[in-house]
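> Let's see this in three dimensions:
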Amino acid sequence: MIEIKECRFESFSVIGLVGDNSAGPRYVDELWRAMNVKGKAVMHLAKKDDDGQIMGAWGLMNDETLSFLPPGKKTEKTIYLAGIEVDNAAKAPKGFTKWTVPASDYLYAQVGRNKLDVINAVLQYAGENGWEISGCPFDFMPPDSRGEMFMFFPVKKL
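From the prediction side, this is the model:
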């Protein structure tokens with residue numbers, strides 16, 4: 001069973017590498033491979049918690065207007081940023097991109113074997129509990145997660 005939780009994030013920023021679905025069906029995997037190699041150049045910018053641990057890596061999905069429009073309201077182009085969380089004031093070095101995500105409430109769940117199962121469960125939970133998906137879902141990988149991943153869905157109460 002997929003456990004779905006609710007939370008709120010203030011605005012946060014991510015610096016990383018960006019690509020879009022015109023590069024083919026595996027473009028997200030390719031971005032993460034490139035980030036694993038080139039990302040060392042931005043690790044000094046990584047936001048850290050009170051214990052000095054890096055906050056984590058984000059995969060942010062967006063539409064071509066870069067407005068984080070919800071699924072179904074996007075244009076045909078899907079853009080993805082694979083990167084690390086940074087302070088909002090951080091500047092992206094040459095060759096990297098920075099996106100700042102607005103504050104929002106989120107529904108989230110840990111991804112098991114199949115992202116589609118999580119998407120379907122969150123959509124059902126949202127409908128049954130008075131939430132509307134208000135933006136593109138995001139992937140989050142906590143530090144030292146050993147492959148653990150979560151999906152976050154921006155929502156607003158109906």
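
> residue contacts, the residue nearest to the spatial centre of the chain?
Nearest residue to the geometric centre of the chain (Cα atoms, centre = their mean): residue 138, 2.8 Å. Residue 138 makes contacts with 58, 59, 60, 61, 101, 151, 152, 153, 154, as judged by Cβ atoms under 8 Å, 6 or more residues apart in numbering. Every residue, glycine included, has its C-beta placed from N, CA and C.

> Output those as CSV; include the columns distance to residue 33, pLDDT and neighbour count.
Formatted as CSV, those follow (distance: Cβ to Cβ, whole Å; pLDDT from 0 to 100; neighbours: other Cβ atoms under 10 Å):
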residue, distance to residue 33, pLDDT, neighbour count
58, 16, 97, 22
59, 13, 97, 21
60, 17, 97, 24
61, 18, 93, 18
101, 23, 96, 23
151, 20, 97, 21
152, 23, 97, 23
153, 26, 97, 26
154, 27, 96, 22
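
> tell me the secondary structure for the closest residue to residue 106 other than its chain neighbours?
Closest residue to residue 106 in three dimensions, ignoring its sequence neighbours and counting by Cβ to Cβ, 6 or more residues apart in numbering: residue 152, at 4.6 Å. Here residue 152 is strand, with the state taken from DSSP: H, G, I helix; E, B strand; the rest coil.

> Over to residue 113?
With three-state DSSP as the criterion, residue 113 reads coil.

> so where's the chain uncertain?
Regions of the chain meeting the criterion pLDDT under 70 cover residues 71-75, 145.

> And the strands in it, which stretches?
According to DSSP state E, the chain carries its strands in the segments 4-9, 12-20, 57-63, 78-86, 97-101, 104-111, 131-133, 138-141, 149-157.

> now for the shortest one, which elements pack on it?
Think strand 131-133. Applying 3 or more Cβ pairs under 8 Å, 6 or more residues apart in numbering; DSSP states H and E, one finds that strand 131-133 contacts helix 115-128, strand 149-157.

> Ok, which of those comes nearest residue 69?
When the helices and strands packed on strand 131-133 are compared by Cβ to Cβ, strand 149-157 sits nearest residue 69, at 10.4 Å.

> mind listing what the closest one pairs with, with the direction of each?
strand 104-111 (antiparallel), strand 131-133 (antiparallel), strand 138-141 (antiparallel) (DSSP bridges).

> would a markdown table of those strands with distance to residue 124 be doable?
Shown next, in a markdown table, are the strands paired with strand 149-157 (distance: least, Cβ to Cβ, whole Å):
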| stretch | distance to residue 124 |
| --- | --- |
| strand 104-111 | 11 |
| strand 131-133 | 11 |
| strand 138-141 | 19 |
